[in-house]
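# Fold the following.
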Amino acid sequence: MKKNKNKQAEMLRLFVAIEISKEIRDSLAALQEELRITCPEIRWVKPENIHLTLKFLGNVKEALVPEILHSLSRALLGLDDFVFEVKGTGAFPAEGRPRVMWVGISQGADKIFAFHSKIKQALASFDFEEEKNEFAAHLTIGRLKDEVDTEKLKEMLVLKKDKKFGECACGHISIIKSDLRPEGPVYTILEKIKL
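Residues are numbered from 1 along each chain as shown. Model (predicted):
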């Protein structure tokens, strides 16, 4: 039993992400408050947990972390910091019953896609599970339950589809550990790779 505990202790649930500024978080928190009245069935992501995922790694052996960091640092060499704009709302999947509500990226989305591609290539040798969906730069703000009124939700999304939530500077990429707890995930930044 002890052996199994030690084995689990050395596994970390990780992802690579771009953090967002407090100003953007505050704007998104205000949006969530506004939408909470119309759609109380949505499970909202805590504003402090909103981020832009570049690559989800899943459960990783702790011993591999230095190697992963080294690969990422090399892959990001020569990439400059940049500014991106957070704008518009939508849901995945676009057709049928939506499951995830998101806020989009307009200006800077091409840079984010380039970062995603570099990270994916750099980590290919680690055999992380392939993502099922094509990469789309977005910030998840809520997850939808089955009883959500999809018509009401679609109306809300149309109303906010061009809303601007602000601009954010990206000067580093973060490796984040996620601890799943009954009250929701707790994120800890393990490392920041400066651009």
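# Can you check which helix is longest in the protein?
Secondary structure of the chain per DSSP state H: the longest helix is helix 22-38.
# Can you tell me the SS state at Arg74?
helix (DSSP: H, G, I helix; E, B strand; the rest coil).
# picking up where we left off before, would you tell me what the next helix or strand after the longest helix of the chain is?
As assigned by DSSP states H and E, the chain's next helix or strand after helix 22-38 is strand 43-44.
# and the next helix or strand after that next one, what other elements does it pack with?
Following strand 43-44 in sequence order, the next helix or strand is strand 51-61 (DSSP H and E). Packing partners of strand 51-61 (3 or more C-beta pairs under 8 Å, 6 or more residues apart in numbering; DSSP states H and E): strand 11-19, helix 109-122, strand 138-143, strand 172-179. For glycine as for every other residue, the C-beta is placed from the backbone atoms N, C-alpha and C.
# For the longest helix of the chain, the averaged confidence score.
Helix 22-38 carries an average pLDDT of 93.
# pLDDT weak spots in this protein?
1-9, 147 (pLDDT under 70).
# my guess is Ala137 meets His51, correct?
No. Applying C-beta atoms under 8 Å, one finds Ala137 not in contact with His51, separated by 11.8 Å.
# Just want to know which of the two has more residues nearby.
Each of Ala137 and His51 has its neighbours counted (other C-beta atoms under 10 Å); Ala137 has more, 22 against 19.
# From Ala136, how far off is Thr89?
With the distance defined as C-beta to C-beta, to the nearest Å, Thr89 ends up 13 Å from Ala136.
# who's more crowded, these two?
Legend: neighbour count by other C-beta under 10 Å for Thr89 and Ala136, higher for Thr89 (23 against 14).
# Who are the packing partners of the helix or strand where the more buried one lies?
Taking DSSP H and E as the definition, Thr89 sits inside strand 82-92. Other helices and strands packing on strand 82-92, by 3+ C-beta pairs under 8 Å, 6+ apart, are helix 22-38, strand 100-105, helix 109-122, helix 150-159, strand 164-170.
# Out of these, flag the one nearest Ser73.
Ranking the helices and strands packed on strand 82-92 by distance to Ser73, with C-beta to C-beta as the measure, places helix 109-122 first at 9.0 Å.
# and Val158, how many neighbours?
Val158, neighbours per other C-beta under 10 Å, totals 11.
# Next one: the closest residue to Ala91 other than its chain neighbours from Ile42, what distance?
Nearest non-adjacent residue to Ala91, counting by C-beta to C-beta, 6 or more residues apart in numbering: Pro98, 3.5 Å away. Counting by C-beta to C-beta, the separation of Pro98 from Ile42 is 10 Å.
# any common contacting residues for those two?
Shared contacts of Pro98 and Ile42 (C-beta atoms under 8 Å, 6 or more residues apart in numbering): Leu144, Val148, Leu153.
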